[in-house]
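Undergrad: Just the structure for this:
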Amino acid sequence: MEAGAFSNYSRSTKRGNKNRSENSSERKKNRISGASTKIQSVSWSSKLRVVFWLVGGLYRLLILTLFVLIALFVYDHRAVVNDFFNQPVAAISVGGDTNNIDRSKLQLVLSSMAKQRFFELDVDGIARRIRQMPWVQDVQVRKQWPDRISVTLTERVPVARWGTNALVDEYGQVFSVDGRLDKFSSLPILQSAEQQDSALVKKFQMIFEKFNRSNLKIERMIRTKADSWSIKLVDGPMVILGKQQFDLRVARFFVLWKTLKPEQIKRISTMDFRYSNGVAVSKRRDQKYAHGVYR
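TA: Model prediction:
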């Protein structure tokens, strides 16, 4: 072999050995650092996640498309949909207390609801109109889809009469009623120089239960212009309390009343508690004061 050719072969061999040595050294470094020259395959869990993501995207797209189609359908057929969901009121039920409420006036208010559709009905406005009726203490108007209305009434409970055409309820509210009050003739009468006398109503409320617990019925309670108070008992005397110390004088009345015998009570016409050191009592037969003084 010629010297030149041998020299070329020798250099080529050295380069090949050097490249192999470098590749071997590189693979060794990769092994030490944890790198791999192999192509790793994609795991099944990763593939499933991709599939689920695609399926979820398609599902959301279908739902969105469905909503759009429904919205378009409703818009195109809005008159039919409105007739179905927003029907005219077909039935009105009335419950609660209706003993004294004017049924003809109530029916007039309720009939206005039958002309309106369910969602357009102003139940608060209807309730306000019903609440303005004299005997109505409270009212609840509720909607029951698709076409029903429920009305529940709470009627006032009268505890006294006010003049000739008004009553006082258990909350101290004075309300006027149509017609005569013969039906309520057994109720006490509150009499005042004022047209609206909240002080008289409040005093009556305060003592009403006390008298009831003692089996005493109030026939009339009077407040004069001079702010003097008196109470007339049913089948009993007139109790004069005067202008001052109302609570104290009422308490004195009960203390004295418990000491009286039935035959004594029958003969008493008036009991005057305006005295600081006693009570002036008049008998029925002559209607004069000071026939007896209880100290």
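
Undergrad: can you count the residues close to Leu241?
TA: For Leu241, the neighbour count with other CB atoms under 10 Å is 25. No exception for glycine: its C-beta is placed from N, CA and C like everyone else's.

Undergrad: Doesn't it belong to a strand?
TA: Yes. With DSSP: H, G, I helix; E, B strand; the rest coil as the criterion, Leu241 is assigned to a strand.

Undergrad: does it really touch Leu248, like I thought?
TA: No. Contact between Leu241 and Leu248 fails when scored by CB atoms under 8 Å: they sit 9.5 Å apart.

Undergrad: Name the residues contacting each of these two.
TA: Residues touching both Leu241 and Leu248 (CB atoms under 8 Å, 6 or more residues apart in numbering): none.

Undergrad: Nearest residue to Ile207 in space, please, no chain neighbours.
TA: Val250 (6.0 Å; CB to CB, 6 or more residues apart in numbering).

Undergrad: Now do the contacts for the one you found.
TA: Contacts for Val250 (CB under 8 Å, 6+ apart) come out as Ile207, Lys210, Leu241.

Undergrad: before we move on, what about Ser176?
TA: Contacts of Ser176 (CB under 8 Å, 6+ apart): Pro134, Asn165, Ala166.

Undergrad: what's across from it in the sheet?
TA: Ala166 (DSSP bridges).

Undergrad: Report the separation between it and Ile218.
TA: 22 Å (CB to CB, to the nearest Å).

Undergrad: now Gln264
TA: 20 Å.

Undergrad: higher neighbour count, those two?
TA: Ile218 (21 against 12).

Undergrad: Would you confirm that that one contacts Ser186?
TA: No. With contacts counted by CB under 8 Å, Ile218 stays clear of Ser186, the gap being 11.1 Å.

Undergrad: just for the stretch 1-150 of the chain, where's the confidence low?
TA: For the stretch 1-150 of the chain, the stretches with pLDDT under 70 are 1-42, 74-82, 84.

Undergrad: any chance you could map the strands in it?
TA: Taking DSSP state E, counting those that start in this stretch as the criterion, the stretch 1-150 of the chain carries its strands at 91-96, 136-144, 148-155.

Undergrad: got the contact list for the shortest one?
TA: Surrounding strand 91-96, the residues in contact under the criterion CB under 8 Å, 6+ apart are 106, 110, 113-114, 147-155.

Undergrad: Name the residues of that strand that come out as buried.
TA: Ile92, Val94 (16 or more other CB atoms under 10 Å).

Undergrad: go on, stretch 118-130?
TA: Applying 16+ other CB under 10 Å to stretch 118-130 flags Phe118, Leu121, Ile126, Ala127, Arg129, Ile130 as buried.

Undergrad: Return the distance of it from the chain's centre.
TA: Distance of stretch 118-130 from the chain centroid (CA atoms, centre = their mean, to the nearest Å) equals 16 Å.

Undergrad: and if you look at stretch 274-286?
TA: The answer for stretch 274-286 is 52 Å, by CA atoms, centre = their mean.

Undergrad: CA atoms only: put it into PDB for me.
TA: This file holds the C-alpha atoms of stretch 274-286, laid out as PDB (Å, rounded to 0.1, in the frame of the first residue of the first chain):
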ATOM      1  CA  ARG A 274    -112.900  62.200  93.700                       C
ATOM      2  CA  TYR A 275    -112.400  62.400  97.400                       C
ATOM      3  CA  SER A 276    -108.900  62.000  98.800                       C
ATOM      4  CA  ASN A 277    -110.000  60.400 102.100                       C
ATOM      5  CA  GLY A 278    -113.000  58.300 101.100                       C
ATOM      6  CA  VAL A 279    -115.700  57.500  98.500                       C
ATOM      7  CA  ALA A 280    -119.100  59.200  98.300                       C
ATOM      8  CA  VAL A 281    -121.900  56.800  97.600                       C
ATOM      9  CA  SER A 282    -125.500  57.500  96.600                       C
ATOM     10  CA  LYS A 283    -128.400  55.200  96.800                       C
ATOM     11  CA  ARG A 284    -130.700  54.300  94.000                       C
ATOM     12  CA  ARG A 285    -134.000  55.500  95.400                       C
ATOM     13  CA  ASP A 286    -133.200  59.300  95.800                       C
END
